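*Asks:* sharing a model prediction with you, sequence too.
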Amino acid sequence: PPTAQQLQAEWRRQALIQTSVPRRDRPVDGWDDKVGNGAGATVSGFRLEAAWRCATVNQAVAQAEQWRSPAALRDLGIDVIAAELTALEAPHSARCLTVTVGDRHLTARSLLLATGDGARMPQMAGWSDIASAANVVNCQAGADVVLPYGRDGADLSPLQVAVLGAEPAGVELALALQRWGHHITLITGRDRLLPMADPDLAVLIQAQLMTQGIKVRLNTTPIAIAPVIAPLATATPDPIRPGAAPAIAPPLTLTLREHHGSLPGTPASQHRFDALILAAGRRPHLPAPVPMICQCQPDTPLAVDVHLRTRHPRIYACGPVLSGLSHPAVVQAEIEVAVWNALFWPARRINYTTIPWGLQLAPDFAQVGLTVAAAHDRGLTSLCLITPNRLDPTLARIVGAPSLQGHLLSTVAGTILGAEFVGDQAQPVVAAIAQAMQQRQSLAQLAQLQGAPGTPTGIVKQLAQQWQRDRQAQPTWSRHWRETWFSWRRSR
């Protein structure tokens with residue numbers, strides 16, 4: 001995107017409206033202690049940040065935030081206004097907008113919404129009484145995640161943790177907590193995990209989570225929550241943070257009910273957990289005047305076109321406010337397109353099909369482009385599904401290639417539509433396929449790549465060669481005509 005100096009040189013003035021003060025991520029307390037204890041050590045009470053970042057990542061984030069501070073932005077010629085957007089006058093036929101921020105009235109040619117999103121609270125009885133408890137955590141609310149390290153006065157005991165949500169954040173968080181020695185139950189009201197992934201791969205990921213000891217409860221809805229009334233326990237000092245107050249919180253009773261489509265549900269059952277973590281999705285955060293101007297509901301995703309323009313021709317949006325994927329690669333692509341379209345011409349298009357994203361699971365999961373269901377929804381019928389299981393098994397054993405399951409989706413002509421893989425090299429293979437999609441390379445061109453077997457480039461080459469063999473094996477009109485002609489000659 002253009003820099004502030006370039007915009008200022010073209011007499012384009014900018015204003016950044018901060019609707020809230022951003023929270024700076026701090027290093028994770030106890031991370032070094034956890035890493036230094038070695039395998040087998042169970043530390044269940046140290047502080048987690050929003051995405052359980054390590055201290056190195058937080059240090060890089062802090063250095064990047066120094067360049068995004070209000071003072072640094074003012075030096076670049078950007079007006080920073082810390083206030084809420086209270087009024088917006090934006091007639092569709094007008095060539096400018098009038099934005100009221102606090103006691104100031106701004107006139108702008110276009111408006112870019114990057115207000116983010118907020119946590120979606122569950123609808124269950126007793127939630128208002130328990131939402132502020134120490135052992136009820138919303139990992140998507142942007143606050144620190146602190147789990148109680150003691151249960152009934154016991155020190156460093158594994159916790160029974162319930163994670164609500166089938167989204168990527170819930171799956172990754174469940175796996176991370178299980179690796180730290182806790183007993184995890186993943187609860188979702190859907191019929192499978194990861195609704196945006198291929199159903200077969202979602203079942204495979206679910207089986208791997210259950211193999212590692214995570215309980216997965218599908219088609220299950222929490223209907224009530226209440227604290228367990230227990231005698232007061234003796235507070236135990238924090239072994240990781242000696243000066244901190246002990247974290248003692250009563251366990252929770254979660255009432256669950258299973259449902260299977262139109263069939264009558266089973267009777268509700270009660271389960272006891274030491275902590276509850278919410279990862280059930282988010283809702284867009286829109287200023288009060290925006291829904292009426294953009295013709296949308298306050299709690300629904302903001303609709304945009306391929307240029308990231310809302311239903312108002314001069315209002316654009318990007319980032320989590322669109323309720324899309326919160327992956328950094330997706331957000332960065334949206335920022336580049338939205339900033340350019342709001343300031344310059346000609347308008348650019350956002351292409352989500354070439355943006356890869358993945359999950360840090362065991363093994364990893366990665367996806368780019370369209371799934372089979374999405375391709376059928378777009379009217380694409382003549383498809384080729386290429387799986388790495390059909391590669392030469394002898395060569396795989398010789399080179400020691402890691403296991404890789406999934407498929408590459410393409411048209412009959414060799415145009416790549418998407419890919420989904422689960423395995424040790426899923427993310428580098430999908431990254432190579434995404435780069436080929438961005439460069440509009442076909443499978444015929446990828447079959448000519450030079451790559452060692454077992455490497456990401458070699459796997460992509462083998463997939464392309466598999467497509468060539470399948471295409472040669474399919475009968476064409478010329479081959480069918482020749483076979484018919486020779487059959488007729490032999491019969492004479």
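*Replies:* Happy to help now that I have it.

*Asks:* if you count neighbours, what's buried in stretch 74-82?
*Replies:* Neighbour-count burial for stretch 74-82, counted by 16 or more other CB atoms under 10 Å, picks out I78, I81. C-betas here are computed from N, CA, C, even on glycine.

*Asks:* could you do stretch 275-289 as well?
*Replies:* Of all the residues in stretch 275-289, those buried under the rule 16+ other CB under 10 Å are 275-287, 289.

*Asks:* strands of the stretch 201-350 of the chain, residue ranges please.
*Replies:* 215-217, 220-227, 252-258, 269-273, 275-278, 282-284, 315-317 (DSSP state E, counting those that start in this stretch).

*Asks:* which elements pack onto the first one?
*Replies:* For strand 215-217, the contact count by 3 or more CB pairs under 8 Å, 6 or more residues apart in numbering; DSSP states H and E identifies strand 183-187, helix 199-211 as packing neighbours.

*Asks:* what's the angle between the longest one and strand 183-187?
*Replies:* Angular relation of helix 199-211 and strand 183-187 on a 0 to 180 degree scale: 150 degrees, by axes from the mean of the first three to the mean of the last three CA atoms, to 10 degrees.

*Asks:* list the contacts of helix 199-211.
*Replies:* For helix 199-211, the surrounding residues in contact (CB atoms under 8 Å, 6 or more residues apart in numbering) are 171, 174-175, 186, 192-195, 197, 216, 361-363, 365, 373, 405-406, 420, 422.

*Asks:* go again using 10 Å as the cut-off
*Replies:* 166, 171, 174-175, 178, 184, 186, 190-198, 214-216, 218, 359, 361-363, 365, 367, 371-373, 405-407, 420-422, 426 (CB atoms under 10 Å, 6 or more residues apart in numbering).

*Asks:* ok, the first one next?
*Replies:* Contacting residues not belonging to strand 183-187 are listed as 158-166, 170-171, 173-178, 193, 206, 209-210, 212-218, 220-222, 254, 256, 271, 273-274, 276-277, 279-280 [CB under 10 Å, 6+ apart].

*Asks:* pLDDT on that strand, on average?
*Replies:* For strand 183-187, mean pLDDT is 93.

*Asks:* using PDB, list the CA coordinates for it.
*Replies:* Coordinates of each C-alpha in strand 183-187 appear next as PDB, following Å, rounded to 0.1, in the frame of the first residue of the first chain:
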ATOM      1  CA  HIS A 183      -7.800 -32.800  30.300                       C
ATOM      2  CA  ILE A 184      -9.700 -31.100  27.400                       C
ATOM      3  CA  THR A 185     -13.300 -31.500  26.200                       C
ATOM      4  CA  LEU A 186     -14.100 -29.700  22.900                       C
ATOM      5  CA  ILE A 187     -17.800 -28.900  22.600                       C
END
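
*Asks:* given that strand, what are its sheet partners and their directions?
*Replies:* For strand 183-187, the paired strands and their directions (DSSP bridges) read strand 160-164 (parallel), strand 215-217 (parallel).

*Asks:* TSV for those, including mean neighbour count and distance to T353?
*Replies:* As requested, the strands paired with strand 183-187 are exported to TSV (neighbours: other CB atoms under 10 Å; distance: least, CB to CB, whole Å):
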stretch	mean neighbour count	distance to T353
strand 160-164	24	30
strand 215-217	17	30
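
*Asks:* reformat the ones you listed as JSON lines; add distance to L302 and mean pLDDT.
*Replies:* Written out in JSON lines, the entries for the strands paired with strand 183-187 read as follows (distance: least, CB to CB, whole Å; pLDDT from 0 to 100):
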{"stretch": "strand 160-164", "distance to L302": "25", "mean pLDDT": "91"}
{"stretch": "strand 215-217", "distance to L302": "32", "mean pLDDT": "93"}
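
*Asks:* okay, these in CSV with distance to I81 next?
*Replies:* Putting the strands paired with strand 183-187 into CSV (distance: least, CB to CB, whole Å) gives the following:
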stretch, distance to I81
strand 160-164, 37
strand 215-217, 47
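
*Asks:* can you measure across stretch 182-195, start residue to end residue?
*Replies:* 26 Å (CA to CA, to the nearest Å).

*Asks:* nearest to V137, of the buried residues of stretch 275-289?
*Replies:* Out of the buried residues of stretch 275-289, the one with the shortest distance to V137 is I277. That distance is 4.9 Å, counting by CB to CB.

*Asks:* what's P291 in contact with, if anything?
*Replies:* P291 sits in contact with P284, Q297, P298, D299, T300, L302, where contact means CB under 10 Å, 6+ apart.

*Asks:* mind redoing it with 8 Å?
*Replies:* The neighbours of P291, taking CB under 8 Å, 6+ apart as the test, are Q297, P298.

*Asks:* any regions of this structure where pLDDT drops low?
*Replies:* Using pLDDT under 70 as the threshold, the predicted model of the chain has low-confidence ranges 1-68, 119, 139-156, 230-249, 261-265, 281, 299, 323-327, 389-402, 474-480.

*Asks:* about what we covered before: restricted to buried residues, select the contacts of strand 183-187 in ChimeraX.
*Replies:* To isolate in ChimeraX the members of these that are buried, counting by 16+ other CB under 10 Å, one can use:
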select :158,159,160,161,162,163,164,165,166,170,171,173,174,175,177,178,193,206,209,214,216,218,220,221,222,254,256,273,274,276,277,279,280
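
*Asks:* for the lengthiest helix in the chain, buried residues please.
*Replies:* Of all the segments assigned as helix in the chain under DSSP state H, the longest by residue count is helix 456-473. Burial within helix 456-473, assessed by neighbour count using 16+ other CB under 10 Å, is assigned to P456, T457, G458, I459, V460, K461, Q462, L463, A464, Q465, Q466, W467.

*Asks:* contacts for that helix?
*Replies:* For helix 456-473, the external contacting residues (CB under 8 Å, 6+ apart) are 384, 386, 388, 390-392, 401, 404, 408, 410, 412, 414, 425, 428-429, 431-433, 436, 443-444, 446-447, 449-453.

*Asks:* give me the buried subset of the residues you listed.
*Replies:* When neighbours are counted using 16+ other CB under 10 Å, these contain these buried positions: 384, 386, 388, 391, 401, 404, 408, 410, 414, 425, 428-429, 431-433, 436, 443, 446-447, 449, 453.

*Asks:* any idea how far apart the tips of stretch 109-123 sit?
*Replies:* The first and final residues of stretch 109-123 sit 41 Å from each other (CA to CA).

*Asks:* understood, closing this out.
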